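Enquirer: no sequence on hand, only this structure:
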């Protein structure tokens with residue numbers, strides 16, 4: 001963790017609560033982006049982002065510094081969004097039969113194609129993913145988090161994260177191929 005952030009946390013815990021604004025400014029947009037991709041509603045994401053930072057503030061003393069602050073806040077955001085989705089009874093599972101219908105080579109070819117048509121099909125396929133799977137894609141490909149960080153954020157094993165990312169690539173490619 002950055003030393004600057006350690007000092008901020010110490011100051012906040014010592015009563016300088018206004019310094020928490022640093023974390024809002026630094027991570028607010030990233031947390032909002034993750035949550036909006038999971039819940040697919042900007043207004044819900046705004047509320048859940050506020051909930052995330054409120055929880056982080058309330059439990060700041062439990063942050064142990066073993067991971068980066070960004071990893072810790074992402075875990076809170078991920079769990080907050082999943083809890084909200086479960087309360088709405090939104091299904092979080094997906095049909096895993098799809099990923100068996102396409103080879104690794106076909107997957108790579110489809111996902112590496114940067115033509116405008118393919119990018120649009122990829123966006124449409126991403127929109128079809130359940131929230132927890134969109135979160136994994138967001139962490140790995142957009143936020144460029146490594147497997148270890150994603151495992152900490154999601155509370156899964158590194159092996160499970162790798163398998164899920166592999167299956168997600170196959171699923172996205174299969175859906176893109178269906179559109180052809």
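Expert: Received the coordinates, thanks. Small disclaimer: the values here were computed from a predicted structure and weren't measured.
Enquirer: which element is the residue nearest the centre of the chain on?
Expert: Against the mean C-alpha coordinate of the chain, by CA atoms, centre = their mean, the closest residue is residue 135 at 3.2 Å. Assigned by DSSP states H and E, residue 135 belongs to helix 131-137.
Enquirer: so residue 127 is in which element?
Expert: Using DSSP H and E, the element containing residue 127 is helix 116-128.
Enquirer: what does that helix rub up against?
Expert: Helix 116-128 is touched from outside by 40, 110, 111, 134, 137, 171, 172, 175, 176, 179, with contacts defined as CB atoms under 8 Å, 6 or more residues apart in numbering. Where C-beta positions appear, they are placed from N, C-alpha and C, glycine not excepted.
Enquirer: give the buried residues for it.
Expert: Neighbour counts over helix 116-128 (16 or more other CB atoms under 10 Å) mark 118, 121, 122, 125, 126 as buried.
Enquirer: and the helix or strand encompassing residue 21, what does it pack against?
Expert: In the assignment (DSSP H and E), residue 21 maps to helix 21-39. Applying 3 or more CB pairs under 8 Å, 6 or more residues apart in numbering; DSSP states H and E, one finds that helix 21-39 contacts helix 3-13, helix 42-58, helix 69-87, helix 131-137.
Enquirer: want to throw those helices into CSV with distance to residue 149 and mean pLDDT?
Expert: Listed next are those as CSV, based on distance: least, CB to CB, whole Å; pLDDT from 0 to 100:
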stretch, distance to residue 149, mean pLDDT
helix 3-13, 16, 88
helix 42-58, 17, 93
helix 69-87, 5, 90
helix 131-137, 12, 88
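Enquirer: for those helices, which one sits closest to residue 143?
Expert: Checking the helices and strands packed on helix 21-39 against residue 143 by CB to CB gives helix 69-87 as the closest, at 7.9 Å.
Enquirer: could I get the average pLDDT for whatever helix or strand comes next after the closest one?
Expert: Going down the chain from helix 69-87, the next helix or strand is helix 104-112, by DSSP H and E. On average, the pLDDT along helix 104-112 is 72.
Enquirer: roughly how far out does helix 104-112 sit from the chain middle?
Expert: The gap between where helix 104-112 is centred and where its chain is centred comes out at 23 Å by CA atoms, centre = their mean, to the nearest Å.
Enquirer: what does the helix holding residue 21 rub up against?
Expert: So helix 21-39 is in contact with 5, 8, 42, 44-46, 48-49, 52-53, 56, 69-70, 73-74, 77-78, 80-82, 84-85, 131-132, 134-135, 138-139, 142-143, going by CB under 8 Å, 6+ apart.
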